[in-house]
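**Q** What follows is a predicted protein model with its sequence.
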Number of protein chains: 2
Amino acid sequence: MMMSSKRYISKLLLSLILIFLLSIPITAIPSRSPSRFLGNFAKHHKTTDTINKTYRYDIRYFTQTLDHFSFSNLPTFQQRYLISTDHWLSGGGGGLNRFGPIFVYCGNEGDIEWFASNTGFLWEIASTFGALIVFPEHRYYGESMPYGSREKAYKNANSLSYLTAEQALADYAVFITDLKRNLSAEASPVVLFGGSYGGMLAAWMRLKYPHIAIGALASSAPILQFEDIVPTETFYDIVSNDFRRESLSCFDAIKKSWEEIEVEGKKENGLLQLTKKFHLCQSLNSTEDLSDWLDSAYSYLAMVDYPYPSSFLMPLPANPIKEIDSYPEGTSILERVFAGVSIYYNYTGTVDCFDLADDPHGMSGWDWQACTEMVMPMSSSRNNSMFPTYNFNYTSYQEQCVKEFGIKPRPRWITTEFGGHDMRTSLKMFGSNIIFSNGLLDPWSGGGVLQNLSETIVALVSKEGAHHIDLRASTDDDPDWLVEQRKSEIKLIKSWIKNYYQEKIGHFST
Amino acid sequence: MMMSSKRYISKLLLSLILIFLLSIPITAIPSRSPSRFLGNFAKHHKTTDTINKTYRYDIRYFTQTLDHFSFSNLPTFQQRYLISTDHWLSGGGGGLNRFGPIFVYCGNEGDIEWFASNTGFLWEIASTFGALIVFPEHRYYGESMPYGSREKAYKNANSLSYLTAEQALADYAVFITDLKRNLSAEASPVVLFGGSYGGMLAAWMRLKYPHIAIGALASSAPILQFEDIVPTETFYDIVSNDFRRESLSCFDAIKKSWEEIEVEGKKENGLLQLTKKFHLCQSLNSTEDLSDWLDSAYSYLAMVDYPYPSSFLMPLPANPIKEIDSYPEGTSILERVFAGVSIYYNYTGTVDCFDLADDPHGMSGWDWQACTEMVMPMSSSRNNSMFPTYNFNYTSYQEQCVKEFGIKPRPRWITTEFGGHDMRTSLKMFGSNIIFSNGLLDPWSGGGVLQNLSETIVALVSKEGAHHIDLRASTDDDPDWLVEQRKSEIKLIKSWIKNYYQEKIGHFST
């Protein structure tokens, strides 16, 4: 079956995962909006074609408070959640007095069904734990729209103003508290899970709401990617290293390609030539759009450089970066680059031409979050990076946000609210039961917690792992280290639950 | 000098300290507002006559964000704070690289200068610790008014909507972070202090912002006075016990007085007679106003039943409840009751007549907080209480809030946000470095943490203590247990700081 390029782009858009930011550091020219073509994910309520309905759940809705921290008379909204009680361990009293654990996935910036279908780990371990599974959706994403519709929720800065991580965490806190009460499951321990931004939410929620959740598995959660906590170059350095370790020649070709594109674009009919060379559906207006499109492909590829075929973002072969690097050296740099990104954008070979964006200036949820509190500075270094050199410039970042949303970011707020600097000192004597798992192939690992912060706030680091691979369903091709990592995670979660029951009930019955 | 009764009432109004709620349980008749005459404190920007300027500090202002958790384009406001660097320990680098601790008092529902003048403990220990002292004021109180003035801040539910504990904590977090940066004191440990509602804020802040503060002394903080965590009768039972332990005869007289007032009030000219008997300036409209006035006196007396003369709320003798009980038995019940409350309202003997209220239906800050998130249910039991029997009725409580502010409370929000149920299980493995100090004479101790929650979240309980007596300046009349309690607190705070330095710098130099 031929897939239209429109559908391909819609898949592409689905793959936000914090990545909107990628477009900024390289290309922060004041006249450009910070959204770019990757920031439009949240527009697409549902992309059923990418949701694999392998897992059984009910879809329900919870009436949620729009502003938890102030008391204006705002309308409530319907928060969607997925729930499965198939494996939930019941107590002696039949339906009541359940005591099996409740596994909560902290929904992140997208349709919750998409995350549910890509978080096989939770579904696979539910029966072992006798756990109830619930996936609450993040406000302003998927179907969980304040003001009744996406259009109204995304109308302007006023309607968007409640799209923040703190409000989302409070949603989960209120939702879980209510759910437990309704199920007479007040005594059931809650364990949080999340990947990427969802992992950040899971970790932060365990820190902020220890009375609600006994522990959190935060996979690929770049909670340190703020201010000056980690070097701003880490993200692009890691992407670059992922390519270099497969082939230095490929790394060099990409590194050279940016200038070549610039030169080509400046020629007479150059943009038209580039449009043809890269099989674009619409004529290029600037070389920048093309560069961003390439940049995104490389960064995504680094994130999903899984050791088996996957279709999380796009249908891809196993070890896709290695695949790219297998292209012959003889061809020109731009030909090689096109062949390379085609692995990402057109692995199935069904695309006739590529749409760079359907609406580059449309608002998206993550655009808003990045322009308010999620300011994650990124630069591209001269030496280690294969991307064009770029130094993060907060002033121009802010200018773009003012232009786009009429709002100034609060770049220091996240670390004020959640910490980040010297977490070891503040958390060594405080908090417990968090697993920070990271794979070092994943560019987001640069902003992750890679060392144990205390005896019970631990880091699981895998050299060969990509973006939250541990949360994905197991496959026959899983490498040994992944199998072992999941075992470690299960063991730790079991110990949290056991300790909780011992403290609470005095015995552990499962 | 004769003091006008107006000035006395203004002193009375100054003494809110959570107590507005007292008026509700006894008298929750749907037609009445929940504010009552004690809820008007926040109207009075400054009552300089009650502020003892014993301590030296600068008064400064910080530009504060109005809504930390959403991103509307709201105006900033000026948050007042008091600061003293007199004793701050400087490092080797002169002004820079200070490393002495920073003691922060979490301002509560009133003028911050009043709290500063009544928190002598902090000022007394500053030199021992080489500590900087700072008293940030709570938003919507004192001079820290959003929208530029008290009138505009208190205009309606919309303008008041940002008056919440979470926003106040975020104010402190942002303020402290900025202060440390400006003073190049990022490495200085911050210790929080607070009494009453300020103590609740201190404890919650330690739990929510462990990266900002290394510990908290939460004195007389009724963080469990929510929902069904403690019996709703505790407050009035404790007040009653305070009276009973001094004199059963006095307890009985008060217990009988309520009905006598009712009977008296129903007689022809009864209200006029009561007005005369109680030396009121204005004629009584209902016996309820009188009962509330008496009720408040007893409850305040229980709170400030200090073993030495004090003038925290009113000028009072040592052990004021004992003083009341020394009145002769021969006189009538109402005469005894009047003589009793005169100890509270007129110990200096300078009042000609008593003003019950200047504007019983005016809005006050704590009224708003009690009608939004600070729903602390209180009842008065038939047997143990000397007050009229009353069962807390949430429906009528809510009705009054809707009537007063057009807003429904969220009675479950505080425990969702901060916990409260079974804190021992959730905090045993989580959190550290909090002292909950309570005196059992203090009616708020019923909602306090009276047992250690973990090795480092400890309860210091004194049988003879009243409302946050440990935070007050030392006096020659301090009983031994109080001297010892303060020593314990100093020792614990020293250990927090020492551990922090060991973790952070590897040595402790003070």
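**A** Now that the structure is in, tell me what you want to look at. Numbers count the residues shown, from 1 in each chain, chains lettered A, B, ... in the order given.

**Q** Neighbours of the closest residue to A:D86 other than its chain neighbours, how many?
**A** Take A:D86 and drop its neighbours on the chain: the residue closest to it by CB to CB, 6 or more residues apart in numbering or on different chains is A:R56, 6.5 Å away. Any C-beta I mention is one placed from the backbone N, CA and C, and that applies to glycine too. Counted with other CB atoms under 10 Å in any protein chain shown, the neighbours of A:R56 add up to 10.

**Q** What separation do you get for A:R56 and A:I133?
**A** 10 Å (CB to CB, to the nearest Å).

**Q** Mutual contacts of the two, please.
**A** A:S84 (CB atoms under 8 Å, 6 or more residues apart in numbering or on different chains).

**Q** right, and the residue nearest to A:D86 touches A:H87 too?
**A** No: using CB atoms under 8 Å, A:R56 makes no contact with A:H87, being 10.4 Å away.

**Q** What about A:K463, how many residues nearby?
**A** A:K463, neighbours per other CB under 10 Å, totals 8.

**Q** How much space separates it from A:A218?
**A** 19 Å.

**Q** which secondary structure elements does the strand or helix carrying A:W293 contact?
**A** A:W293 belongs to helix A:287-303 when elements are defined using DSSP states H and E. Contact here means 3 or more CB pairs under 8 Å, 6 or more residues apart in numbering or on different chains; DSSP states H and E; on that basis helix A:287-303 packs against helix A:23-27, helix A:234-246, helix A:248-266, helix A:270-277, helix A:320-325, helix A:333-345.

**Q** Once you drop chain neighbours, what's closest to A:K504?
**A** B:T425 (5.2 Å).

**Q** where are the low-confidence patches of chain A?
**A** For chain A, applying pLDDT under 70 flags the ranges A:1-52, A:90-98, A:325-329, A:357-363, A:505-510.

**Q** Swap in 50 and give it another go.
**A** Along chain A, the model assigns pLDDT under 50 to residues A:1-49, A:92-96, A:359-362, A:507-510.

**Q** can you pull the contacts of the one residue in the stretch 151-300 of chain A that gets nearest to chain B?
**A** Of all residues in the stretch 151-300 of chain A, the one sitting closest to chain B is A:H211 (3.1 Å; CB to the nearest CB). The contact partners of A:H211, by CB under 8 Å, 6+ apart, come to B:T415, B:F418, B:G419, B:G420, B:H421, B:D422, B:M423, B:S426, B:L427.

**Q** What about chain A: which of the residues you listed touch it?
**A** The residues of these that also fall near chain A, by CB under 8 Å from any CB of the partner chain, are B:T415, B:F418, B:G419, B:G420, B:H421, B:D422, B:M423, B:S426, B:L427.

**Q** among these, which are in helices?
**A** Residues of the ones next to chain A among the contacts of A:H211 located in helices (DSSP state H): B:T415, B:F418, B:M423, B:S426, B:L427.

**Q** which of the residues you listed sit farthest apart?
**A** The largest separation in those, counting by CB to CB, is between B:T415 and B:L427 at 13.6 Å.

**Q** before we move on, the earlier item: which of the contacts of A:H211 count as buried?
**A** Neighbour-count burial within the contacts of A:H211 applies to B:T415, B:F418, B:G419, B:G420, B:M423, B:S426, B:L427; the criterion is 16 or more other CB atoms under 10 Å in any protein chain shown.

**Q** Setting the sequence-adjacent residues aside, check what's closest to the third one.
**A** It refers to B:G419. A:H211 (3.1 Å).

**Q** Would you agree that neighbour falls within a strand?
**A** No: A:H211 sits outside any strand when classified using DSSP: H, G, I helix; E, B strand; the rest coil, being coil.

**Q** Look up how far B:A157 lies from it.
**A** From A:H211 across to B:A157, the span is 29 Å (CB to CB).

**Q** Span of stretch A:179-186 from start to end?
**A** 9 Å (CA to CA, to the nearest Å).

**Q** quick one: buried residues of it?
**A** A:L179, A:K180, A:L183, A:A185.

**Q** now these in a markdown table, with secondary structure?
**A** Below are the buried residues of stretch A:179-186 laid out as a markdown table (three-state DSSP):
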| residue | secondary structure |
| --- | --- |
| A:L179 | helix |
| A:K180 | helix |
| A:L183 | coil |
| A:A185 | coil |
